[in-house]
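Novice: What follows is a predicted protein model with its sequence.
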Amino acid sequence: MATRMLQAVTLMAVLALGVQAPALSSTFAPDNLDGPCCAPTTLTLPAFPSTTLTSRYICWQGCQGGLNGAVRVVMVPNTTAACGIYFLNVTVTNLPGTFTLWTGNLVMTYSRTFAEASVPGNPPDTQVWRFIVNGDLQPSAALITSFGGNACVVAPCVATYNRFHVQGYIDYAQDCDTGTFQIAYALDHDCDPYEHGNVFTFRPGAFHPNRSYSWVGPNAGFVINTTTPGISGTATCDALRNFDFTMPLPDICQFEQPGATALISTDTEYCPCSSLDGQYKVQRMMVSSACGTVGETSPVDVWPGLVAKALGFWTNPAAYPYRESVHIERGFKSYTDGCDGVDYRPYFIGVQTQNGSEVYKIDGSGGTTPVSNSLIDLGNATWPGTASNPRIGRLSISDRMIQLNVD
């Protein structure tokens, strides 16, 4: 344990050190994660650009959409000295860009890459790299002065902690013909029962029991919808994967563990923020890998299992991410790792997306195979720390990843 904690301190100390990323590729580029069980590897990733994106800000009230409007979000990814882990500098302003609302330096952890076809029925022509994101946003002094008393603009917990935690994902999609990038993302801060009001949370208190907060981009074509069903079915279990923080930086990446079996189902719908709506989908999940890792959902405290929060969907079939729906994921799993033999109960965060364009798996030689476009990506939020100390509502770095395509 002392060794792992020393590695954690070392990693936190060097995250700000940048390293040069590979140049952009105009063809499908494997990420170098195909290989033997539990063995170390290095990642092959492009240089991801800074982006400025008109986004949707949503204040949910009792699991129904309340205040929502357009904001400008600037995202600047920075490589670090740790394999697959980036800093993401975020600035949120009003739409003209003249009034800074929030700033933050988030962590984004690499999940996987896949290909998409922008035109249904055509060969794939876009490569996507997906990251799990979390960290803190801080309000500007001008935002507090102007809107600090508005609980839908500034979450009441900010008055106590001067920041609040967000989690979610970001997809970088590169057009293989032009080399240009587009992004889609969602960030979320949940209502009190999940974010502040249980024994595991880092910033406890009673602040916004009926409100939660989301940013989603792009704004164009996005429709709020709390009834979008969660993913259910037998999964083509793409892979499970570890980061090994006992290794010296940057060599912490391991090859993927090929999926063996996976099953996910949506049992019930409910709302922890009120009794009026079913925005949250309670899901059961069982996964296993060819390397001996086994995991399944595990109810803990207020979490009934893996919970998917429906945000809505995009509606433009001609613009990325096309007609994709998005849910933010969180929950606990019982997990026995086939690589290090650890048996514990980690807390996972992540995303599920459905019904976008046609999706293709990219193999180690750059070839593609069609797979389901119902995707689930999860990363645990217990590192740096221990399995009994989930970092709920606190910046975390994942050392266990799950990627599924569900049929």
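Specialist: Arrived safely.
Novice: in this structure, which ranges drop under the pLDDT threshold?
Specialist: Residues of the chain meeting the criterion pLDDT under 70: 1-27, 385-389.
Novice: now with 50?
Specialist: Scanning the chain for pLDDT under 50 picks out 1-26.
Novice: In it, which strand is the longest?
Specialist: strand 100-117 (DSSP state E).
Novice: and that one, which strands flank it?
Specialist: In the sheet, strand 100-117 lines up against strand 85-93 (antiparallel), strand 126-139 (antiparallel), strand 358-362 (antiparallel) (DSSP bridges).
Novice: for residue 68, what are its contacts?
Specialist: Going by CB atoms under 8 Å, 6 or more residues apart in numbering, residue 68 touches 56-59, 224. (C-beta placed from N, C-alpha, C; glycine too.)
Novice: Residue 61 versus that one, what's the distance?
Specialist: Look at residue 68 and residue 61: by CB to CB, to the nearest Å, they are 11 Å apart.
Novice: again, but for residue 201
Specialist: Distance, residue 201 to residue 61, by CB to CB: 21 Å.
Novice: higher neighbour count, those two?
Specialist: Neighbours were counted for residue 201 and for residue 61 using other CB atoms under 10 Å; residue 201 has more, 21 against 18.
Novice: Okay, and the beta partners of that one?
Specialist: Beta bridges link residue 201 to residue 392 when assigned by DSSP bridges.
Novice: Would you agree it is in contact with residue 347?
Specialist: No - applying CB atoms under 8 Å, one finds residue 201 not in contact with residue 347, separated by 10.6 Å.
Novice: Quickly list what's touching both of the two.
Specialist: Residues touching both residue 201 and residue 347 by CB under 8 Å, 6+ apart: residue 392.
Novice: how long is stretch 141-154 end to end?
Specialist: End-to-end distance of stretch 141-154 (CA to CA, to the nearest Å): 12 Å.
Novice: And the contacts of that stretch?
Specialist: With CB under 8 Å, 6+ apart as the contact definition, stretch 141-154 has outside contacts at 59, 61, 66-67, 99-102, 139, 158-159, 208, 211.
Novice: where exactly do the helices run in the stretch 51-200 of the chain?
Specialist: Using DSSP state H, counting those that start in this stretch, the helices of the stretch 51-200 of the chain run over 141-147, 158-161, 192-195.
Novice: same thing with the stretch 251-400 of the chain?
Specialist: For the stretch 251-400 of the chain, helices defined by DSSP H, counting those that start in this stretch do not occur.
Novice: Export stretch 260-277 to PDB, keeping only CA atoms.
Specialist: The C-alpha trace of stretch 260-277 is given here as PDB (Å, rounded to 0.1, in the frame of the first residue of the first chain):
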ATOM      1  CA  ALA A 260     -15.300 -13.000 -22.400                       C
ATOM      2  CA  THR A 261     -18.900 -12.400 -21.300                       C
ATOM      3  CA  ALA A 262     -21.000  -9.400 -20.400                       C
ATOM      4  CA  LEU A 263     -24.600  -8.800 -19.700                       C
ATOM      5  CA  ILE A 264     -26.400  -5.600 -18.800                       C
ATOM      6  CA  SER A 265     -30.100  -5.000 -18.000                       C
ATOM      7  CA  THR A 266     -32.200  -2.000 -16.800                       C
ATOM      8  CA  ASP A 267     -34.200  -3.000 -13.800                       C
ATOM      9  CA  THR A 268     -36.000   0.100 -12.700                       C
ATOM     10  CA  GLU A 269     -36.200   3.800 -13.200                       C
ATOM     11  CA  TYR A 270     -36.300   6.400 -10.400                       C
ATOM     12  CA  CYS A 271     -35.100   9.800  -9.300                       C
ATOM     13  CA  PRO A 272     -32.900  10.400  -6.200                       C
ATOM     14  CA  CYS A 273     -33.700  14.100  -6.500                       C
ATOM     15  CA  SER A 274     -37.500  13.800  -6.200                       C
ATOM     16  CA  SER A 275     -40.300  11.200  -6.500                       C
ATOM     17  CA  LEU A 276     -41.800  12.500  -9.700                       C
ATOM     18  CA  ASP A 277     -39.600  11.300 -12.600                       C
END
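Novice: picking up where we left off before, just give me the closest of the contacts of residue 68 to residue 364.
Specialist: residue 56 (37.4 Å; CB to CB).
Novice: Distance-wise, check that closest one relative to residue 158.
Specialist: Residue 56 is 20 Å from residue 158, by CB to CB.
Novice: Need the residues that contact stretch 189-198.
Specialist: Residues outside stretch 189-198 that contact it (CB under 8 Å, 6+ apart) are 60, 155, 157, 164-167, 201, 203-214, 272-273, 301-303, 307, 309, 330, 392-393.
Novice: how far does that stretch stretch from start to finish?
Specialist: Taking CA to CA as the measure, stretch 189-198 stretches 15 Å from start to finish.
Novice: can you check stretch 194-204 too?
Specialist: End-to-end distance for stretch 194-204, by CA to CA: 10 Å.
Novice: Going forward, count from 335.
Specialist: Taking 335 as the first residue, the last one we looked at is stretch 528-538.
Novice: what distance separates that stretch from the centre of its chain?
Specialist: The chain centre lies 19 Å from the centre of stretch 528-538; the measure is CA atoms, centre = their mean, to the nearest Å.
Novice: how about it: buried residues?
Specialist: 528-532, 534-538 (16 or more other CB atoms under 10 Å).
Novice: what does stretch 568-587 give?
Specialist: For stretch 568-587, the buried set under the neighbour-count rule, 16+ other CB under 10 Å, comprises 569-579, 583-584, 586-587.
Novice: Out of those residues, the closest to residue 601 would be?
Specialist: residue 569 (16.2 Å).
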